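>>> Show me how the following folds:
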Amino acid sequence: MKNKKIRYAVVGLGHIAQVAVLPAFKNAQKNSELVALISHDETKLKKLSQKYKVPETYSYDELESCLASGSIDALYIATPNVCHRNIAEMAASYGVHVLTEKPMAINEEDCLSMLKAARKNNIKLMVAYRLHFDQANLKAVEFGQSGRLGELRIFNSTFTMQVDDPENIRLSGEMGGGPMFDIGIYCLNASRYLFRDEPIEIFAMAESNDDRRFREVDEMMTVTLRYPNARLASFTISFGAAKTASFDLIGTKGSIRLENAYEYADGQVLHTVIHDKKAKHKFAKHDQFAPELEYFSNCILKNKEPEPSAEEGLLDIKIIEAINESIKTGMPVQLRSFRKMTRPTMKQANRKPAFPKPDTVHVRAPHS
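Sure thing, here's the model as predicted:
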């Protein structure tokens with residue numbers, strides 16, 4: 001490519017875009033440039049384009065004009081989950097590369113269609129698994145693969161929060177909300193990259209109280225996954241419990257625990273216990289979004305297939321569909337065996353400095 005920097009448009013200016021994605025471009029300026037914003041909210045477009053000195057703004061109705069303009073190389077999708085497929089396929093049809101927030105889509109059919117469109121139009125499609133570039137999570141991977149924990153046996157995680165805003169799209173079934181898509185996907189993905197394998201059987205259950213927030217989505221879920229070689233993973237997630245975000249990885253010789261494992265607004269602490277010897281590794285708060293921008297831009301510039309790929313997003317959705325089936329039937333669900341060839345490693349770790357929490361426009365934090 002002639003451009004040394006990949007020119008991005010961001011579509012969807014909700015909470016995650018405003019507090020994390022837009023300010024991250026400053027830390028990714030080596031090869032990434034924010035040149036366009038797309039939203040239905042004129043006030044957001046006006047204020048945020050001024051704040052970040054973004055030259056072009058478009059409404060959702062003008063998305064196709066933006067893609068056809070020739071002024072962008074890549075699109076960052078930060079819209080509600082149900083919109084990912086249509087936007088990604090439109091971008092692909094104009095030869096625009098796509099970096100989409102998690103989940104990749106809301107069902108396997110949509111994921112496969114997005115993957116097909118990307119291959120047909122020869123574009124890069126990456127799902128924004130920011131923890132594949134996070135030093136703390138990758139250090140946990142390194143411990144697990146080093147042999148120091150012995151044979152890995154158990155993964156266990158809890159990720160909970162109070163989603164206070166009853167109007168938040170995370171509580172809308174129609175918009176692809178619910179705790180599994182929003183936070184459970186982190187626990188699921190972590191079990192896969194720590195075990196470096198794929199589950200073969202799933203059992204799950206869901207529960208809700210009479211809180212009106214949970215009329216359309218479940219309040220909480222517990223999932224158990226059987227992995228090859230006699231390993232088990234389990235996690236519990238909730239939109240109606242106090243804030244927690246941690247995982248444990250336990251082997252035959254030792255264990256690790258990562259606190260604030262999935263958070264981007266706090267520092268993290270990795271506790272290790274190996275042969276009864278305890279240690280603590282601290283990771284200060286940092287920008288987790290610039291590394292994935294920089295990495296994706298590099299994949300485009302050097303024509304490399306990204307990791308996490310579209311396949312990564314597809315596999316998580318396959319498993320989530322099995323989780324939903326188990327909840328519906330009350331029975332374990334067998335998974336067809338499949339293999340993934342690429343996994344995140346410490347080579348992908350990329351630490352960028354934290355930035356002050358930015359002021360937001362017409363959005364509220366979804367949780368406390």
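>>> For the rest of this, base every contact and every neighbour count on C-alpha atoms.
OK.
>>> Could you list the low-pLDDT ranges of the stretch 201-350 of the chain?
Within the stretch 201-350 of the chain, no range satisfies pLDDT under 70.
>>> all strands of it, in order?
Ranges of strands in the stretch 201-350 of the chain, per DSSP state E, counting those that start in this stretch, are 201-207, 220-227, 231-238, 240-251, 254-259, 268-274, 277-283, 286-287, 333-334.
>>> What of the stretch 1-150 of the chain?
Taking DSSP E, counting those that start in this stretch to define them, one finds strands in the stretch 1-150 of the chain at 6-11, 32-38, 56-58, 74-77, 97-100, 125-127.
>>> Just put those in a markdown table and tack on mean neighbour count.
What follows is the strands of the stretch 1-150 of the chain, written out as a markdown table (neighbours: other CA atoms under 10 Å):
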| stretch | mean neighbour count |
| --- | --- |
| strand 6-11 | 24 |
| strand 32-38 | 24 |
| strand 56-58 | 19 |
| strand 74-77 | 26 |
| strand 97-100 | 27 |
| strand 125-127 | 28 |
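>>> In contact with the closest residue in space to residue 357 that isn't next to it in sequence, which residues?
Distance criterion CA to CA, 6 or more residues apart in numbering; nearest residue to residue 357, sequence neighbours excluded, is residue 19 at 6.6 Å. Going by CA atoms under 8 Å, 6 or more residues apart in numbering, residue 19 touches 357-360.
>>> give me that answer again for 10 Å
By CA atoms under 10 Å, 6 or more residues apart in numbering, residue 19 lies in contact with 13, 265, 355-360, 363, 365.
>>> Repeat that for residue 13.
So residue 13 contacts 19, 21-22, 37-41, 44-45, 48, 77-79, 360-363 (CA under 10 Å, 6+ apart).
>>> Can you select the buried ones among these for me in ChimeraX?
Filtering the contacts of residue 13 down to the buried ones (16 or more other CA atoms under 10 Å) takes a single ChimeraX command:
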select :19,21,22,37,38,39,44,45,48,77,78,79,360,361
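>>> Tell me which of the contacts of residue 13 fall in helices.
When DSSP state H is applied, the contacts of residue 13 are split such that 22, 44-45, 48 fall in helices.
>>> Which one of those residues is nearest to residue 204?
Distance to residue 204, by CA to CA, is smallest for residue 22 among the ones in helices among the contacts of residue 13, at 36.2 Å.
>>> Tell me who's in contact with the closest one.
Residue 22 sits in contact with 10, 13, 16, 34, 37, 48, 51-52, 289-290, 358, where contact means CA under 10 Å, 6+ apart.
>>> Go through these and name the one nearest residue 332.
Nearest to residue 332 among the contacts of residue 22, with distances taken as CA to CA, is residue 16, at 34.4 Å.
>>> Please name the nearest non-neighbouring residue to the closest one.
Nearest one to residue 16, counting by CA to CA, 6+ apart, is residue 78 at 7.4 Å.
>>> Look up how far residue 86 lies from the one you found.
Between residue 78 and residue 86 the computed distance is 13 Å (CA to CA, to the nearest Å).
>>> How about residue 322, nearest residue that isn't a chain neighbour?
residue 333 (6.3 Å).
>>> what are the bridge partners for that neighbour, then?
residue 202 (DSSP bridges).
>>> residues in contact with it?
By CA under 10 Å, 6+ apart, the contact set of residue 333 is 200-204, 225, 319, 322-327.
>>> Turn the strands of the stretch 1-150 of the chain into TSV, columns for mean pLDDT and distance to residue 186.
Below are those laid out as TSV (pLDDT from 0 to 100; distance: least, CA to CA, whole Å):
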stretch	mean pLDDT	distance to residue 186
strand 6-11	98	22
strand 32-38	98	26
strand 56-58	98	31
strand 74-77	98	18
strand 97-100	98	15
strand 125-127	98	13
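>>> Can you lay out those as a markdown table showing distance to residue 144?
A markdown table is the format used below for the strands of the stretch 1-150 of the chain (distance: least, CA to CA, whole Å):
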| stretch | distance to residue 144 |
| --- | --- |
| strand 6-11 | 35 |
| strand 32-38 | 33 |
| strand 56-58 | 45 |
| strand 74-77 | 32 |
| strand 97-100 | 28 |
| strand 125-127 | 24 |
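>>> Filter the contacts of residue 19 down to just the buried residues.
13, 265, 355, 360.
>>> What distance do you get for the second one to residue 49?
Right, the one you point to is residue 265. 24 Å.
>>> What of the last one?
Look at residue 360 and residue 49: by CA to CA, they are 13 Å apart.
>>> Also the first one?
Relative to residue 49, residue 13 is positioned 11 Å away (criterion: CA to CA).
>>> Looking at the contacts of residue 22, which is nearest residue 171?
residue 16 (16.0 Å).
>>> Name all residues that make contact with that closest one.
Residue 16 is in contact with 22, 78-79, 101, 363, 365-366, counting by CA under 10 Å, 6+ apart.
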